[in-house]
Structure formats: structure tokens, C-alpha cells
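**Q** Sequence unavailable; structure follows:
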């Protein structure tokens, strides 16, 4: 196991996800029930499945596309989605 990669991934995801809409959704679910553990398990299960899929998909795609190009495409997509979110937010 590569502890450096693991800790980098952990810290990056931790900081990126802090205060995002998923965390707010979990907060909302937890505020509506007395079964906080059920909300925790449901949210962790969903995030686990999505993370496993993303990791395997990333490993599969890099067999055909260089990581450099994936990083560029991800960055461009992130910027485009950000612009669309700002644009849509301003029209409402």
C-alpha cells in the first residue's frame, strides 16, 4: 500500500468535500430522523460505491488515454460546469 498516495487522496477529498452539497444533504437527512446511524451508513455506502467506480474507471481509462489529457479534460469540464452554475444561478 502506498501511504503517500493514500494520505494525499484522503486529505484532498476531505478538503474538497467539506461543506459541499452532499454534506448538506446528509445534515438534512440526519435532522429529520432519530436514526443518525442509518443516515451515516447510507451516505458512506453511496460514497464508497461512487469512489470504487471512479477509481476503477480511472485505472481503466488510463490504459487508453494518457493521464495528462485526462487532467486537462477534467479541468476544462470543471470550468465549464462552474460557468454554467454561475450563469444559471444569476438568471433565477
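**A** Cool, the structure landed. As the structure is a prediction and not an experimental result, all values here were calculated from the model.
**Q** Show me the helices in the protein, by range?
**A** Per DSSP state H, the chain carries helices over the ranges 3-17, 21-31, 36-61, 67-91.
**Q** Including mean neighbour count, could those helices go into a markdown table?
**A** To be clear about C-beta, it is placed using only N, CA and C from the backbone, and glycine gets the same treatment. Shown next, in a markdown table, are those (neighbours: other CB atoms under 10 Å):
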| stretch | mean neighbour count |
| --- | --- |
| helix 3-17 | 10 |
| helix 21-31 | 12 |
| helix 36-61 | 11 |
| helix 67-91 | 10 |
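**Q** Now tabulate those in TSV and tack on mean pLDDT.
**A** Putting the helices of the chain into TSV (pLDDT from 0 to 100) gives the following:
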stretch	mean pLDDT
helix 3-17	90
helix 21-31	90
helix 36-61	93
helix 67-91	87
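**Q** got the domain boundaries for this protein?
**A** Listed by automatic domain parsing, the domain ranges of the chain are 1-61, 64-92.
**Q** How far does the shortest one sit from its chain's centre?
**A** Going back to what we said before, that points to domain 64-92. Here domain 64-92 is found 14 Å from its chain centre; the criterion is CA atoms, centre = their mean, to the nearest Å.
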